[in-house]
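K.L.:
I'll drop the sequence and a predicted model, then ask my questions.
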Amino acid sequence: MIIEYDNDNKCIRVNGEYLPIREAEGIKDELELAIDQWEVDHAEQCDNPDGHYDD
């Protein structure tokens, strides 16, 4: 997926296709939520790879 700002036409493009700003904002919000959820799911695994507390 290629996301870019088209300086000539002053618009956002995804894979060369115009993307309305409302759709771009929606994708951004969904991506931020997915990243937050991924970080929560993987936070303990970084310090505790097997997922079990050994104490």
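P.N.:
Ah, there it is. Computed from a prediction, not measured in an experiment: that's the story for all the values here.

K.L.:
Tell me how far Glu25 lies from Met1.
P.N.:
As for Glu25, its distance to Met1 is 17 Å (criterion: C-beta to C-beta, to the nearest Å). Placement of C-beta: from N, CA and C, glycine included.

K.L.:
And Ala43, by the same measure?
P.N.:
26 Å.

K.L.:
The two - which one has more neighbours?
P.N.:
The neighbour count for Ala43 versus Met1, taken as other C-beta atoms under 10 Å, is higher for Ala43 (10 against 4).

K.L.:
Now name the helix or strand holding that one.
P.N.:
Element membership for Ala43 (DSSP states H and E) is helix 21-47.

K.L.:
any idea which helix or strand of this structure has the worst average confidence?
P.N.:
In the chain, no helix or strand scores lower on mean pLDDT, DSSP states H and E than helix 21-47, which sits at a mean of 87.

K.L.:
Sort out which residues of it are buried, please.
P.N.:
Buried residues in helix 21-47, defined by neighbour count with 16 or more other C-beta atoms under 10 Å: none.

K.L.:
Next up, the contacts around the residue nearest to Asp6 when sequence neighbours are not counted.
P.N.:
What sits nearest to Asp6 in space, not counting adjacent residues and going by C-beta to C-beta, 6 or more residues apart in numbering, is Arg13, at 5.1 Å. Contact partners of Arg13, counting by C-beta atoms under 8 Å, 6 or more residues apart in numbering, are Ile2, Ile3, Glu4, Tyr5, Asp6, Leu19.

K.L.:
Next, Arg13: phi, psi?
P.N.:
phi -130, psi 140 (degrees, to the nearest 10).

K.L.:
is it in a bridge, and if so with what?
P.N.:
Glu4, Tyr18 (DSSP bridges).

K.L.:
what about it, distance to Asp29?
P.N.:
19 Å.

K.L.:
Ile35 too?
P.N.:
From Ile35 to Asp29 the distance is 11 Å (C-beta to C-beta).

K.L.:
ok, Leu19 - contacts?
P.N.:
Cys11, Ile12, Arg13, Ile27.
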